[in-house]
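> Build me a model from this:
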Amino acid sequence: FKFAVDSFCGLIAQTEFNISLPQEMQELSENIGVNGEDLQQLMMQTVKELLITGRCGALLDYPSFGGENPYITIYPTESIVNWDNSADFVNKNQLNMVVLDESTEVMSKESLGYNPVNKYRFLRLNEGVYEYGESDSETRLPEAFNSMSGYGAVKDCIPFQFFNGNNVGVGIDRPPLEHLANLCYSVFRQTADHNQALHMQSQATFVISDNMLDKGKAIRVGAGACLQLSTDGTASYAEVSGAGLAEMRQAIENLNNEALAISGRSSEKVSNLSGISIEKQQLSTFSTLQQTADVVAEGYEKLLKIVAKSRGLKEEDVEIEATFKAKPITLTGVELKAVIESKLAGAPISSKTIHKLMVRGGMTNLSYDDEIAAMIEENNGIENAESNIEETAVETTQIDSESNLNGENDPKSANLPVKMGSEPVLTQDKAS
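Sure thing, here's the model as predicted:
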């Protein structure tokens, strides 16, 4: 699961978000995170949070010591403990209240140990005015609320943005990679059951049937042990049946292959699956990634439009677009080689069909006829180049031979590298 999250974040990061801001807000794209992150880094952190949990939030805030430039803090889904978006005093459904868990640990100057401190931030609209305050409990309102003032102050809305798997609303949505997470849990559980069954199968139970055996005497087995039984007595091992182990192993392999296909990892076992099935899974996964990138772009665009509005700038000048587009994973050389080998072995597949697979896999964008024409031109070019090399080599040999006959390349006449036939020979320095 971690591999899939890191890989998908890398795929989205390959194509940066297109960010268009008014000139007065350009500096925000370079330093807007609470820890100094630029806007691209902040959005990629949000993408990763969405892929893992399917929900997070971002708060637009200003430094307590003052300043014109705001900063954005990302809150994981566990820190968003309460919210309300019911109809307010103007009978309009909008975000009216948010409670954020900012609990932390503070170091004691005396013991140098860390003590937990409960801290909750309340955000609310009070008669249409944005206010914020702090409390030590998520169920107790702060003793006092503050409001923003000065240049760029946000007053008529709560500058907090929700992010979900497929929307920027306040409602909770399922994580985009929930199915992959469930598959990983299933692989873990079934692998544990399989290992337990293997362990039990290797632990046989010793069974003795003998009425004459001294029950008070300890029984020893193995090297050096002696077990005396009566003529009617028996001793044997009862072993756990291995029935079902093969089915358990196959079930684990199937789950693992499906998880590998969704995460984009390739293996020989995955390549043996249906090509159409793999492509559908990949397209579904990439569509999910594109949707996640679009959600992040839309959410941060809304936040920065709040900044533009508070500064008296045009909101329409703020635009953020995700450039990542859904597409299947490219066809690898190993997979293409396997298809060609199958054709040579007698599989009923034409060259045009193989070319279609290459186009669909992103290996080429030429038509079949253009591809053949390019190959012919390429081969002619190679043949002409080889012919020119041979002609040049013959001419060089003839010229060198004539020069040697005329004494032009006498090694004694110059301290320069010369050619004897077609092999270069370095002359020996006179001083040496």
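> What segments of the stretch 1-150 of the chain are strands?
18-20, 55-61, 71-76, 80-84, 97-101, 104-107, 114-117, 120-126, 129-135 (DSSP state E, counting those that start in this stretch).
> Of all those strands, which one comes closest to Ile340?
strand 18-20 (39.8 Å; Cβ to Cβ). (C-beta placed from N, C-alpha, C; glycine too.)
> May I have the strands that pair with the closest one, each with its orientation?
Applying DSSP bridges, strand 18-20 is found paired with strand 319-321 (antiparallel).
> now the strands for the stretch 151-300 of the chain?
Under DSSP E, counting those that start in this stretch, the stretch 151-300 of the chain gives strands at 160-164, 205-209, 234-238.
> by how many degrees do the last one and strand 205-209 diverge?
When axes from the mean of the first three to the mean of the last three Cα atoms, to 10 degrees is applied, the directions of strand 234-238 and strand 205-209 differ by 160 degrees.
> change the start of the numbering to 49 and stick with it
With the count now opening at 49, the last piece we talked about shows up as strand 282-286.
> Other residues contacting strand 282-286?
252-258, 275, 277 (Cβ atoms under 8 Å, 6 or more residues apart in numbering).
> Would you mind checking which helix or strand in this structure has the lowest mean pLDDT?
Lowest by mean pLDDT, DSSP states H and E among the helices and strands of the chain is strand 466-468, with a mean of 42.
> before we move on, back to that, mind putting the strands of the stretch 199-348 of the chain into CSV with mean neighbour count and mean pLDDT?
Shown next, in CSV, are these (neighbours: other Cβ atoms under 10 Å; pLDDT from 0 to 100):
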stretch, mean neighbour count, mean pLDDT
strand 208-212, 24, 95
strand 253-257, 11, 83
strand 282-286, 10, 84
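> Make TSV out of those strands and add distance to Leu384.
Formatted as TSV, these follow (distance: least, Cβ to Cβ, whole Å):
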stretch	distance to Leu384
strand 208-212	39
strand 253-257	54
strand 282-286	54
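> Would you tell me which of these gets closest to Ile354?
That would be strand 208-212 among these, by Cβ to Cβ, at 8.8 Å.
> Quick one: list the elements packing against that closest one.
helix 87-101, strand 103-109, helix 323-358 (3 or more Cβ pairs under 8 Å, 6 or more residues apart in numbering; DSSP states H and E).
> Pick the most deeply packed of these.
Highest mean neighbour count of the helices and strands packed on strand 208-212: strand 103-109, a mean of 22 (counted as mean count of other Cβ atoms under 10 Å).
> what is the orientation angle of that strand with helix 87-101?
150 degrees.
> Which residue, neighbours along the chain excluded, lies closest to Gly292?
Ala245 (7.4 Å; Cβ to Cβ, 6 or more residues apart in numbering).
> Then Met248?
In space, Met248 is closest to Val288, 4.7 Å off (Cβ to Cβ, 6+ apart).
> residues contacting that neighbour?
Residues near Val288 by Cβ under 8 Å, 6+ apart: 245, 248-249, 251-252.
> count of neighbours near Gly219?
Neighbourhood size, Gly219 [other Cβ atoms under 10 Å]: 9.
> Check Arg237 too.
Counted with other Cβ under 10 Å, Arg237 comes out at 12.
> Next one, pLDDT for it please.
Note for Arg237: predicted pLDDT of 93.
> how much space between it and Ile300?
Distance, Arg237 to Ile300, using Cβ to Cβ, to the nearest Å: 10 Å.
> Repeat that for Val216.
39 Å.
> same question, Gly181
Gly181 is 53 Å from Ile300, by Cβ to Cβ.
> for Pro207, same thing?
From Pro207 to Ile300 the distance is 48 Å (Cβ to Cβ).
> Give me the more crowded residue out of these two.
Neighbour tally, Pro207 and Ile300, criterion other Cβ under 10 Å: the higher count belongs to Pro207, 22 against 18.
> Excluding covalently adjacent residues, which one is nearest to the more buried one?
Per Cβ to Cβ, 6+ apart, closest to Pro207 is Leu108, 3.6 Å.
> Does that neighbour touch Ile120 like I think?
Yes. Look at Leu108 against Ile120 with Cβ atoms under 8 Å: they come within range, at 5.7 Å.
> Enumerate the positions of stretch 73-80 that are buried.
Neighbour counts using 16 or more other Cβ atoms under 10 Å place 73, 76-77, 80 of stretch 73-80 among the buried residues.
> In terms of distance to Thr380, which of those residues ranks first?
Ser77 (36.7 Å).
> Identify the residue nearest the closest one in space, chain neighbours excluded?
Leu87 (4.5 Å).
> correct me, but that neighbour touches Tyr348?
Yes. Under the criterion of Cβ under 8 Å, Leu87 makes contact with Tyr348 at 7.1 Å.
> Measure how buried Gly176 is and give me the count.
11.
> Once you drop chain neighbours, what's closest to it?
Excluding the flanking residues, the one nearest Gly176 by Cβ to Cβ, 6+ apart is Asp204, at 6.1 Å.
> do Ala61 as well
Met92 (5.6 Å).
> so what's the residue nearest to Ser77 up against?
65, 67, 76-78, 80, 348.
> again with Ala421
With Cβ under 8 Å, 6+ apart, Ala421 has no contacts at all.
> Helices of the protein, start to end?
50-61, 87-101, 226-250, 293-311, 316-319, 323-358, 381-392, 399-408, 416-454 (DSSP state H).
> Relative to Thr152, which of the ones you listed is closest?
helix 87-101 (18.9 Å).
> Next one: the closest residue to Pro124 other than its chain neighbours from Leu352, what distance?
Closest residue to Pro124 apart from its sequence neighbours, by Cβ to Cβ, 6+ apart: Cys104 at 5.5 Å. Counting by Cβ to Cβ, the separation of Cys104 from Leu352 is 17 Å.
> What of Leu98?
For Leu98, the distance to Leu352 equals 19 Å [Cβ to Cβ].
> that older thread, for the buried residues of stretch 73-80, could you give me JSON lines that also reports pLDDT and distance to Gly360?
Formatted as JSON lines, these follow (pLDDT from 0 to 100; distance: Cβ to Cβ, whole Å):
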{"residue": "Met73", "pLDDT": "89", "distance to Gly360": "12"}
{"residue": "Leu76", "pLDDT": "88", "distance to Gly360": "16"}
{"residue": "Ser77", "pLDDT": "87", "distance to Gly360": "19"}
{"residue": "Ile80", "pLDDT": "89", "distance to Gly360": "19"}
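> Relative to Ser399, which of those is nearest.
Ser77 (49.6 Å).
> My read is that that closest one contacts Gln89, right?
No. Judged on Cβ under 8 Å, Ser77 makes no contact with Gln89 at a distance of 10.6 Å.
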